[in-house]
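A.B. asks: return atomic coordinates for the entry below.
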Amino acid sequence: MRHLRSFHIFHVAASSATYSEAADKLNITHGAVSKQIKVLEHYLSQPLFYKRGRHVFLTREGELLKTYTEQAFQTLESGVSKLLQQKHQCLEVSCEPTLTMRWLMPRLSGFNEGCDADIRLSTAGGPVTLGATGLSMAIRRDDFEQLHNYPKLSLVEEWVGPVVSPEYWQQVQANAGSIKLLHSQTRPRAWEQWLSGHPLLSLMQNPQQTFAHFYFCIQAAVDGLGAALGPYPLIMDDLKRGNLIAPFGFVPSGHDYVLLHQDKAPAELEQRFTRWLQAQMAQCVPTPAEAQGSDGKCCP
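C.D. replies: Sure, this is the predicted structure:
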């Protein structure tokens, strides 16, 4: 393709405020950027930028070209990333922080035993950009608007319920008004949403404490500081160990845990990880007894 270097320089300049900023990103001179843009404008016989003071702005034709260069270079970066992953048998996976620490990492050795691969985890929640960032897939709770139309695979329906340590429950079970509600800044309305369909609506008047992250909120419940509203995958191991109990049971939250991936035809390693993830997540649903709760009279 003719003028590929010019197209790449345009691609960088189109996301920069000035040619000097683009030059810094490309590690070339301001003059080199300006020259390549002029080469491209002459080749296309159309203006791509106009200046206003020190800043440059895209023309209508430049905006249109930008949409195509973004697609082209993102596809190229994705292809290079996939080739490198196939060579080194590694998979870059983004996962929500608490789900990573409390659920995925304790189980990952099970996948590694049957597959000689390097699963590289990074933690983040909400919108994600795959491919250009090196990420192949992302595990998310579907409580946000996606920035990209990635294929989405539902892994499991989320069930939630209040959880407390057995020792703390012994202290408060006779007086629901004394239960301290533990909140997370990342899910500030979790208790409000759960209580909206529950007979214990008056609990919103109880003592409350807020933590910066959901992980700390659950750990505070384990440590006997109050009751946290726990999604089942995040607390199921502590339930089995007896560190937590769920006296009011669990109900569907209206959200799912989902897997986002970039390609409609994933590579072999991605397919193997996806199948393993589906099998593991299928176990993250409360039993009928757990869903009812030990304090059945308080369940919806």
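
A.B. asks: so how far is stretch 136-151 off the chain centroid?
C.D. replies: 7 Å (C-alpha atoms, centre = their mean, to the nearest Å).

A.B. asks: what's in contact with stretch 99-112?
C.D. replies: Residues from elsewhere that reach stretch 99-112, judged by C-beta atoms under 8 Å, 6 or more residues apart in numbering: 95, 119, 121, 123, 139, 141, 215, 218, 233-237, 257, 273, 276, 280, 284. Glycine gets a C-beta too; all of them are placed from N, C-alpha and C.

A.B. asks: show the buried residues in those residues.
C.D. replies: Among the contacts of stretch 99-112, those classed as buried by 16 or more other C-beta atoms under 10 Å are 95, 119, 139, 141, 215, 218, 233-236, 257, 273, 276, 280, 284.

A.B. asks: in the residues you listed, find the pair that's most separated.
C.D. replies: Pairwise distances across those (C-beta to C-beta) peak at 25.5 Å, for the pair 218 and 273.

A.B. asks: the stretch 101-250 of the chain: strands as residue ranges?
C.D. replies: In the stretch 101-250 of the chain, the segments counted as strands under DSSP state E, counting those that start in this stretch are 118-123, 137-141, 152-163, 181-184, 208-211, 227-231.

A.B. asks: any idea which of the ones you listed is most buried?
C.D. replies: Mean neighbours per residue, mean count of other C-beta atoms under 10 Å, is largest over the strands of the stretch 101-250 of the chain for strand 227-231, with a mean of 27.

A.B. asks: show me what that one is packed against.
C.D. replies: On a contact count with 3 or more C-beta pairs under 8 Å, 6 or more residues apart in numbering; DSSP states H and E, strand 227-231 meets strand 152-163, strand 181-184, helix 190-195, helix 214-222.

A.B. asks: got the angle for the longest one vs strand 137-141?
C.D. replies: So that's strand 152-163. Strand 152-163 runs at 40 degrees relative to strand 137-141, counting by axes from the mean of the first three to the mean of the last three C-alpha atoms, to 10 degrees.

A.B. asks: same deal with the last one?
C.D. replies: Helix 214-222 runs at 50 degrees relative to strand 137-141, counting by the same axes, to 10 degrees.

A.B. asks: which residues touch helix 214-222?
C.D. replies: Here helix 214-222 makes contact (C-beta under 8 Å, 6+ apart) with 97-98, 101-102, 163-165, 168, 182-184, 186-187, 209, 211, 226-228, 230, 234-235, 238, 243-244.

A.B. asks: rerun that using 6 Å as the cut-off
C.D. replies: Here helix 214-222 makes contact (C-beta atoms under 6 Å, 6 or more residues apart in numbering) with 98, 163, 164, 182, 184, 186, 211, 228, 243.

A.B. asks: residues near residue 198, how many?
C.D. replies: For residue 198, the count of nearby residues is 17 (other C-beta atoms under 10 Å).

A.B. asks: kindly report the same for residue 51.
C.D. replies: 10.

A.B. asks: show me what the closest residue in space to it that isn't next to it in sequence bridges to in the sheet.
C.D. replies: Sequence neighbours aside, residue 57 is the residue nearest to residue 51 in space, at 7.7 Å (criterion: C-beta to C-beta, 6 or more residues apart in numbering). Beta-bridge pairing for residue 57 (DSSP bridges): residue 50.

A.B. asks: ditto for residue 95
C.D. replies: Under the criterion used (DSSP bridges), residue 95 bridges to residue 123, residue 139.

A.B. asks: farthest-apart pair in the contacts of helix 214-222, please.
C.D. replies: Maximum pairwise distance among the contacts of helix 214-222 (C-beta to C-beta): 21.7 Å, between 186 and 243.

A.B. asks: skip the chain neighbours and tell me the closest residue to residue 190.
C.D. replies: Sequence neighbours aside, residue 229 is the residue nearest to residue 190 in space, at 4.6 Å (criterion: C-beta to C-beta, 6+ apart).
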